[in-house]
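Enquirer: sequence first, then the predicted structure, then my questions.
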Amino acid sequence: MNKNAIGIDLGGSRIKAAAIDETGKILNSYYHPTNDELDTNWKMGVAEAVLELRVKNGITDSVIGISAPGLPNTNNSAIAFMPGRLQGLENFIWTDFLKSKTFVLNDAISAMMAESRFGAAKNKKNVVMLTLGTGVGGAILIDGKPYQGAFNKAGHIGHMVIDSEGEPDIIGIPGSLEDAIGNCTIKKRSLGKYSDTQQLLEAYRNGDLFATEVWLKSVKKLAIGLAALTNILSPEMIILGGGITEAGKELFEPLEEFMSLYEWRTGGNKTEIVKAGFGDLAGAVGAACFAREISAGGV
């Protein structure tokens with residue numbers, strides 16, 4: 001089998017694709033609007049991406065990995081559960097459509113695969129990753145392998161409870177981490193004053209007292225969630241990715257202060273918290289890695 005692999009990240013607005021070699025080097029990339037109003041649009045967009053990368057790289061027999069929102073089925077041949085978005089995605093068998101062996105993985109776990117094989121967590125065995133954006137996604141690496149758990153539901157860290165008296169989130173969990181810091185609730189958390197996290201951060205940087213209160217309260221809740229994860233999973237490293245991490249020091253500096261209060265640092269050991277190294281192609285690269293490894297009998 002060709003050592004090159006193709007990965008596709010099926011996002012809500014864009015299809016991002018990459019061909020990689022065995023070292024993780026991106027040989028070529030390809031972007032295409034998702035156009036998810038009709039399933040024929042984005043399905044054909046994926047097919048076009050695969051064809052484009054094969055032609056550019058002379059690839060004829062590579063495996064394909066697809067990173068997508070939702071929960072994959074037990075053999076990673078399709079997304080089994082993804083209500084409300086990308087109609088036609090659930091139980092769609094990509095191998096039959098693309099006429100090549102194709103493996104499907106949750107998008108956050110795909111990003112973790114990229115980081116663990118070639119990014120911030122390279123050579124690490126036990127790692128947790130959170131993606132901070134519209135919502136909060138997550139992934140878990142145990143003994144160097146992505147942990148999907150029963151029903152392939154593992155890693156939905158955004159739905160852990162931070163405030164048991166809080167309102168239910170999208171899946172019914174009260175006071176979730178996702179609602180504590182995800183962009184999806186910024187209007188509510190700021191009493192309608194800010195429409196997105198970027199606006200909140202601009203006000204915070206300018207010393208606005210209300211923005212400071214809202215932002216630091218969110219970071220505090222993130223720290224509480226991360227500290228809990230260190231007790232449950234005891235990872236070597238926690239990786240933070242997603243658009244909210246572009247806040248830079250405004251996120252990581254107060255987060256470190258809160259972690260020093262809440263993390264149980266036995267023997268002086270602390271969990272390293274780092275920013276994700278891969279950009280918007282992380283899902284595609286991770287999906288390609290996963291497909292190549294599982295087809296070879298790994299993962």
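Expert: Sure thing, it's come through. Numbering: from 1, shown residues only.
Enquirer: tell me how far the most centrally placed residue in the chain lies from P72.
Expert: When CA atoms, centre = their mean is applied to the chain, the residue found nearest the centroid is A108 (2.5 Å). Distance, A108 to P72, using CB to CB, to the nearest Å: 12 Å. Every C-beta, even on glycine, is put in place using the N, C-alpha and C of the backbone.
Enquirer: and what of F252?
Expert: In terms of CB to CB, F252 sits 32 Å off from P72.
Enquirer: more neighbours: which of the two?
Expert: Using other CB atoms under 10 Å, the more surrounded residue of F252 and P72 is P72, with 23 against 17.
Enquirer: got the CA coordinates for stretch 11-24 in CSV?
Expert: Output of stretch 11-24 as CSV, limited to C-alpha atoms (Å, rounded to 0.1, in the frame of the first residue of the first chain):
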residue,chain,number,x,y,z
GLY,A,11,-16.5,21.1,8.8
GLY,A,12,-19.7,23.1,9.0
SER,A,13,-18.4,25.7,6.6
ARG,A,14,-15.4,24.2,4.8
ILE,A,15,-14.1,20.9,3.7
LYS,A,16,-10.4,20.8,4.4
ALA,A,17,-8.3,18.1,2.9
ALA,A,18,-4.6,17.1,3.0
ALA,A,19,-2.4,14.4,1.6
ILE,A,20,0.5,13.4,3.9
ASP,A,21,3.5,11.2,3.7
GLU,A,22,4.6,8.7,6.4
THR,A,23,6.5,11.5,8.3
GLY,A,24,3.4,13.7,8.6
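Enquirer: how about that stretch: buried residues?
Expert: Neighbour counts over stretch 11-24 (16 or more other CB atoms under 10 Å) mark G11, I15, K16, A17, A18, A19, I20 as buried.
Enquirer: closest to N57 among the residues you listed?
Expert: A19 (4.9 Å; CB to CB).
Enquirer: surely that closest one is in a strand?
Expert: Yes - looking at A19 with DSSP: H, G, I helix; E, B strand; the rest coil, it is inside a strand.
Enquirer: got the contact list for it?
Expert: 4-7, 26-29, 53-54, 56-57, 59, 62, 288 (CB atoms under 8 Å, 6 or more residues apart in numbering).
Enquirer: at 7 Å instead, please
Expert: The contact partners of A19, by CB atoms under 7 Å, 6 or more residues apart in numbering, come to N4, I6, L27, N28, L53, N57, I59.
Enquirer: one more: G242?
Expert: Contacts of G242 by CB under 7 Å, 6+ apart are T131, L132, G133.
Enquirer: reformat the residues you listed as CSV; add pLDDT, neighbour count and distance to G182.
Expert: Formatted as CSV, these follow (pLDDT from 0 to 100; neighbours: other CB atoms under 10 Å; distance: CB to CB, whole Å):
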residue, pLDDT, neighbour count, distance to G182
T131, 90, 28, 10
L132, 92, 27, 7
G133, 87, 19, 7
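Enquirer: could these be laid out in JSON lines, adding secondary structure and distance to I170?
Expert: Formatted as JSON lines, the contacts of G242 follow (DSSP: H, G, I helix; E, B strand; the rest coil; distance: CB to CB, whole Å):
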{"residue": "T131", "secondary structure": "strand", "distance to I170": "15"}
{"residue": "L132", "secondary structure": "strand", "distance to I170": "16"}
{"residue": "G133", "secondary structure": "coil", "distance to I170": "14"}
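Enquirer: which residues are in contact with stretch 279-292?
Expert: Stretch 279-292 is contacted from outside by 5-9, 16-18, 20, 24, 26, 29, 63-67, 103, 105, 107, 110-114, 117, 241, 276, 278, 299, using CB under 7 Å, 6+ apart.
Enquirer: strands - which of those land there?
Expert: Using DSSP state E, the members of the contacts of stretch 279-292 that fall in strands are 5-9, 16-18, 20, 26, 29, 64-67, 103, 105, 241.
Enquirer: of those residues, select the buried ones using a PyMOL command.
Expert: Here is the PyMOL selection string for the buried members of the ones in strands among the contacts of stretch 279-292, based on 16+ other CB under 10 Å:
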select buried, resi 5+6+7+8+9+16+17+18+20+26+29+64+65+66+67+103+105+241
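Enquirer: what ranges do the strands span in the stretch 151-299 of the chain?
Expert: For the stretch 151-299 of the chain, the strands defined by DSSP state E, counting those that start in this stretch cover 237-241, 272-275.
Enquirer: burial check on N35, number of neighbours?
Expert: 15.
Enquirer: number of residues surrounding the closest residue to it other than its chain neighbours?
Expert: The shortest distance from N35 to any non-neighbouring residue, by CB to CB, 6 or more residues apart in numbering, is to N41 (3.8 Å). Neighbourhood size, N41 [other CB under 10 Å]: 15.
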